[in-house]
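>>> kindly return the folded structure for what I paste below:
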Amino acid sequence: MSAKIQTSLRLDAEKLTEAKQILSQLGMNFSEAVNIFTSLIVAKQGLPFDVTLPNEDSKNAMLDVRTKKNLKTVTLDQLRREIKSP
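Okay, the predicted model is just below:
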């Protein structure tokens, strides 16, 4: 087993508190979660999830949302029906 070192991070206080509460419900502490994340970075030789820039369609959709263009109101029932339809 390799040596352990102590490090420091600058994090948003509210997000850290919320993350610690979630991790506690999962039965782990923040340090254990950071160690898991670090191990995954090493195993994957990069971040353990995709990090990409949005394509043009996504950029345009985000711009539409920000400027409140091309939006339509959809109910939860409509979404459920749409998901179920082939």
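>>> any idea how far Gln21 lies from Gln6?
For Gln21, the distance to Gln6 (C-beta to C-beta, to the nearest Å) stands at 23 Å. C-beta here means a position set from N, CA and C on the backbone, and glycine is covered the same way.
>>> quick one: which of those two has more around it?
Gln21 (9 against 5; other C-beta atoms under 10 Å).
>>> show me what contacts Val65?
Applying C-beta atoms under 8 Å, 6 or more residues apart in numbering to Val65 gives the contacts Leu71.
>>> distance check, it against Ser58.
Counting by C-beta to C-beta - Val65 and Ser58 are separated by 11 Å.
>>> alpha carbons of the top helix by length along the chain, as CSV, please.
Ranked by residue count, the top helix of the chain under DSSP state H comes out as helix 30-44. C-alpha atoms of helix 30-44 as CSV (Å, rounded to 0.1, in the frame of the first residue of the first chain):
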residue,chain,number,x,y,z
PHE,A,30,-15.5,12.8,1.6
SER,A,31,-12.0,11.6,1.8
GLU,A,32,-13.0,8.1,0.7
ALA,A,33,-15.0,9.5,-2.2
VAL,A,34,-12.0,11.6,-3.4
ASN,A,35,-9.8,8.4,-3.2
ILE,A,36,-12.3,6.5,-5.3
PHE,A,37,-12.4,9.4,-7.8
THR,A,38,-8.5,9.5,-7.9
SER,A,39,-8.4,5.7,-8.4
LEU,A,40,-10.8,6.0,-11.3
ILE,A,41,-8.7,8.8,-13.0
VAL,A,42,-5.7,6.5,-12.8
ALA,A,43,-7.6,3.4,-14.1
LYS,A,44,-9.2,5.3,-17.0
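>>> nothing else from me, thank you.
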